[in-house]
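Next one to model:
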Amino acid sequence: LRHMEISIKNKGERGGVLTMRRHFARYFRSLPDFRDIRIKLLTTSTEKEAVSVLEMIRQKYGDLK
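Numbers count the residues shown, from 1 in each chain. Model (predicted):
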């Protein structure tokens with residue numbers, strides 16, 4: 001979330017979220033049964049959508065740091 005906040009601050013919401021989709025793909029690549037959530041995460045276009053999917057990941061996999 002922090003990385004996304006910084007990205008949005010520097011590039012605006014659309015540019016920041018689009019940039020983060022590339023990073024999200026790498027951040028969560030080792031999680032099991034992640035395909036459907038990954039697709040949702042990599043197709044988000046707003047901060048609100050991305051935060052919602054990240055919360056879904058937190059609920060399913062716990063607090064990842």
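
Please enumerate the helices of this protein.
For the chain, the helices defined by DSSP state H cover 2-27, 35-42, 47-61.

Would you indicate which residues of the shortest one are buried?
Going by neighbour count (16 or more other C-beta atoms under 10 Å), the buried part of helix 35-42 is 37, 38, 41. Glycine gets a C-beta too; all of them are placed from N, C-alpha and C.

Then the last one?
For helix 47-61, the neighbour count (16+ other C-beta under 10 Å) marks 47, 50, 53, 54, 57 as buried.

how near is the last one to residue 9?
Here residue 57 is placed at a distance of 22 Å from residue 9 (C-beta to C-beta, to the nearest Å).

Redo the helices of the chain as CSV? Include mean pLDDT.
Shown next, in CSV, are the helices of the chain (pLDDT from 0 to 100):
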stretch, mean pLDDT
helix 2-27, 94
helix 35-42, 93
helix 47-61, 94
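
Can you give me the neighbour number for residue 45?
Using other C-beta atoms under 10 Å, the number of residues around residue 45 comes to 12.
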